[in-house]
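**Student:** For reference, the sequence and a predicted model appear below.
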Amino acid sequence: MAWVVLVLAGLLEIGWAVGLKWTVGFTRPIPTVFTLACMAGSVGLLGLALKALPLGTAYAVWTGIGTLGTAVLGIALFGEAASAARLACIGLIVAGIVGLKLVTPS
């Protein structure tokens, strides 16, 4: 269950990172509220996951999910570069997340 909570925390991490772009410097109220709610939810769920998972693993996976999702959405939503080197680096992040999951006891 801790892993499910951690994945949800990571998804909210993506939500606040993308939402931050849409706040335009916190000048747009709806994206700002969304972003702040995602921030609070992400950290709160991370805290719950830490009850059962090692800190280093949970934090690395949490930030990895956030980094992966934010990079992919940056490409899809904001037209950021999708070079082979960038995609290969994103693949390395995925490999790290999967590797940590495989070597960490549930």
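**Tutor:** Received, thanks.
**Student:** Closest to the centroid, which residue in the protein?
**Tutor:** By CA atoms, centre = their mean, the chain has its centre lying nearest to Gly66, at 1.6 Å.
**Student:** Where does Ala52 sit: helix, strand or coil?
**Tutor:** Under DSSP: H, G, I helix; E, B strand; the rest coil, Ala52 falls in the coil class.
**Student:** wouldn't it be in contact with Ala2 here?
**Tutor:** Yes: with contact defined as CB atoms under 8 Å, Ala52 counts as touching Ala2 (3.7 Å). C-betas here are computed from N, CA, C, even on glycine.
**Student:** got the contact list for the residue nearest to the centre of the chain?
**Tutor:** Neighbouring residues of Gly66 by CB atoms under 8 Å, 6 or more residues apart in numbering: 10, 13-14, 17, 42.
**Student:** Show me which pair in those is furthest apart.
**Tutor:** Greatest spatial distance among the contacts of Gly66 (CB to CB): Gly10 and Ala17, at 10.7 Å.
**Student:** which of the two has more neighbours?
**Tutor:** Neighbours per residue, other CB atoms under 10 Å: of Gly10 and Ala17, the larger number sits with Gly10, 25 against 20.
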